[in-house]
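Participant: generate coordinates for the sequence data below:
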Amino acid sequence: MSAKFLILHTNNPQKYIQRTNNSILKRAAEMTCKIYGSPITITSNSLKINLEDLEALITQESKRYK
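Facilitator: Modelled structure (predicted):
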């Protein structure tokens, strides 16, 4: 089974990793950052919106708040 996911890149990935109190989740975020360049990922499995629409929404809102 393959899931699609969206990777959100950030200027300070360590900030997000350090916010995680659970050691297992922290390790997972570190590995995700090492593999994909960011600790922030959103999987399409649990969403009520398709991934393409979510990407468009995030891009739109990102431009609005920059």
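Participant: show me the strands in this protein, by range?
Facilitator: Listed in chain order, the strands found in the chain under DSSP state E are 5-8, 40-43.
Participant: what's the first one in contact with?
Facilitator: Where contact means CB atoms under 8 Å, 6 or more residues apart in numbering, the residues beyond strand 5-8 that reach it are Tyr36, Gly37, Ser38, Ile40, Thr41, Ile42, Thr43, Ser44, Leu51, Leu54, Glu55, Ile58. Just so you know, the C-beta spots here come from the backbone N, C-alpha and C atoms, and that holds for glycine as well.
Participant: and the residues you listed, which are buried?
Facilitator: Among the contacts of strand 5-8, the ones that count as buried by 16 or more other CB atoms under 10 Å are Ile40, Ile42.
Participant: pLDDT and distance to Gln18 added to the contacts of strand 5-8, as CSV?
Facilitator: Shown next, in CSV, are the contacts of strand 5-8 (pLDDT from 0 to 100; distance: CB to CB, whole Å):
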residue, pLDDT, distance to Gln18
Tyr36, 93, 18
Gly37, 93, 17
Ser38, 95, 14
Ile40, 92, 13
Thr41, 90, 17
Ile42, 88, 20
Thr43, 85, 22
Ser44, 79, 27
Leu51, 87, 28
Leu54, 91, 26
Glu55, 91, 26
Ile58, 91, 23
